[in-house]
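Novice: need a structure here:
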Amino acid sequence: MDIGILSTGTYIPGNYISGEEIAQQTGLPIKIVEEKMGIIQKPVPGPEDHTCEMGIKAARTAIEKAGIDPLEIDLVIYIGEEYKEYPLWTAGIKLQEEIGARKAWAFDTALRCGTTVMALKLAKSLMLTDGSINTVLLAGGYRNGDLIDYKNGRTRFMFNLGAGGGAILLKKGLRQNLLLDTALITDGSFSEDVVVVAGGTKNPLTADALEKGLFQLDVLDPEGMKRRLEQKSMDNFLAVINASVENSGYAKSHISYVAMLHMKRSAHEYVLKELGLDGHNSIYLEEYGHIGQIDQILSLELAQQAGKLKDGDVTVLVSAGIGYAWGATTIRWGKGE
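Specialist: Numbering: from 1, shown residues only. Take a look at the predicted model:
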């Protein structure tokens, strides 16, 4: 049974912080921020740009583009971040209500910045095994940039975190933009390297914790993490891409476009080079930074606008999330044969 992407939607806040402003706040040279880290600018949330709310806006766009009645949606999967309007809350049910998907059921899922790719695998599995699920909405928002202290050099690799929302509508029996195989790798040896220290059961949120800034993201062993992660990360990026493409019946030489998360420029270029590709086969998100699990959806939309996708193109969505997790999903773009 075919599962196809019916439409996508994104919401990007209208407020931005420039690479120059980030350089001023961090004390880093502007050349490092713009060229090495690859941040010309990135969106930051306005007063009403809450996490789930941005997902709702993106979902409405996807529904409008698809031209469907929200009552046709059978399942809503929230793919946004844990950091949202309330600390203990099922955002998917709120999203379901706001878009009018009253015949659906909903739940939240999470794999940090790997959530969209993981949720595509999950949604496809549910659609293939449950005859009552024909149309699925994946939607959510991201604003983890709020949790970054630009004075904390340990979190330098996360200075690119931005804000936005994304949504994908999937349809059973749709022979276009076919959702093929998803490959995932998780490595628990990194599970406590990047955390928000205070606010959980180990370290409750207290006045002292707030004063020390322990409510923000931190890296507990920066040197050890860098040493252990550096080459393993690149190897795992390539491993999930190759596995996803091969399990979809293709070779990496068939790849036409890679919708990749934002990371430092050299890493982005390395992955493309190892795949035998170049900048024409991807879009580097230097004007957006890293909007977590929304990056792949945004990249797909930008590629469509730029005319980079055509019928039959083998397109790969690539993600990585702290924890650590790597994922890739292969899509055969356009109308089916």
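Novice: now for the nearest residue to Leu178 once chain neighbours are set aside: which residues touch it?
Specialist: Leaving aside its chain neighbours, Leu178 sits nearest to Arg332 (4.4 Å; criterion: CB to CB, 6 or more residues apart in numbering). Bear in mind the C-beta positions are built from the backbone N, C-alpha and C, glycine included. Applying CB atoms under 8 Å, 6 or more residues apart in numbering to Arg332 gives the contacts 177-178, 180, 248, 312-315.
Novice: using CSV, please lay out the residues you listed together with neighbour count and pLDDT.
Specialist: As requested, those are exported to CSV (neighbours: other CB atoms under 10 Å; pLDDT from 0 to 100):
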residue, neighbour count, pLDDT
Asn177, 25, 98
Leu178, 19, 98
Leu180, 21, 98
Ser248, 20, 98
Gly312, 13, 97
Asp313, 18, 98
Val314, 21, 98
Thr315, 25, 98
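Novice: go through the residues you listed and say which is closest to Glu274.
Specialist: Val314 (16.3 Å; CB to CB).
Novice: pretty sure the closest one contacts His254?
Specialist: Yes: between Val314 and His254 there is a contact at 4.5 Å, judged by CB atoms under 8 Å.
Novice: give me the common contacts of these two.
Specialist: Common neighbours of Val314 and His254 (CB under 8 Å, 6+ apart) are Val245.
Novice: give me the domain ranges for this structure.
Specialist: Taking automatic domain parsing as the reference, the chain has its domains at 3-176, 180-191+221-335.
Novice: wait, which of those is closest to Ala209?
Specialist: Closest to Ala209 of these, according to CB to CB: domain 3-176, at 13.7 Å.
Novice: do you know how far the residue nearest to Leu178 is from Arg175?
Specialist: 10 Å (CB to CB, to the nearest Å).
Novice: repeat that for Tyr11.
Specialist: Tyr11 is 28 Å from Arg175, by CB to CB.
Novice: and the two? which has more neighbours close in?
Specialist: Tyr11 (24 against 13; other CB atoms under 10 Å).
Novice: one step back: how about the domains of the chain in a markdown table, adding distance to Leu210?
Specialist: Listed next are the domains of the chain as a markdown table, based on distance: least, CB to CB, whole Å:
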| stretch | distance to Leu210 |
| --- | --- |
| domain 3-176 | 13 |
| domain 180-191+221-335 | 22 |
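Novice: and Glu211, which of the ones you listed is closest to it?
Specialist: The nearest among these, by CB to CB, is domain 3-176 at 13.1 Å.
Novice: quick one: distance of that closest one to the chain centre.
Specialist: Computed by CA atoms, centre = their mean, to the nearest Å, the chain-centroid distance of domain 3-176 equals 7 Å.
Novice: how about stretch 263-276?
Specialist: The answer for stretch 263-276 is 18 Å, by CA atoms, centre = their mean.
Novice: contacting residues around that stretch?
Specialist: Contacts of stretch 263-276 (CB under 8 Å, 6+ apart): 35-38, 157, 160, 233-234, 237-238, 241, 252-253, 255, 258, 260, 262, 278-279, 281-282, 284, 286, 290, 318, 320.
Novice: list the contacts of Pro70.
Specialist: 63, 99-102.
Novice: per-residue pLDDT of the closest residue to it other than its chain neighbours, please?
Specialist: Taking CB to CB, 6+ apart, and ignoring the residues beside it in sequence, Pro70 has Gly100 as its nearest neighbour in space, at 4.0 Å. Looking at Gly100, its pLDDT is 98.
Novice: and Ile39, how far from Ile73?
Specialist: 36 Å.
Novice: mind listing the strands for the stretch 1-150 of the chain?
Specialist: 3-11, 15-18, 41-44, 75-78, 105-108, 135-142 (DSSP state E, counting those that start in this stretch).
Novice: pick the most deeply packed of these.
Specialist: Ranked by mean neighbour count, the strands of the stretch 1-150 of the chain are led by strand 135-142 with a mean of 31 (mean count of other CB atoms under 10 Å).
Novice: compute the inter-axis angle for that one and strand 3-11.
Specialist: 30 degrees (axes from the mean of the first three to the mean of the last three CA atoms, to 10 degrees).
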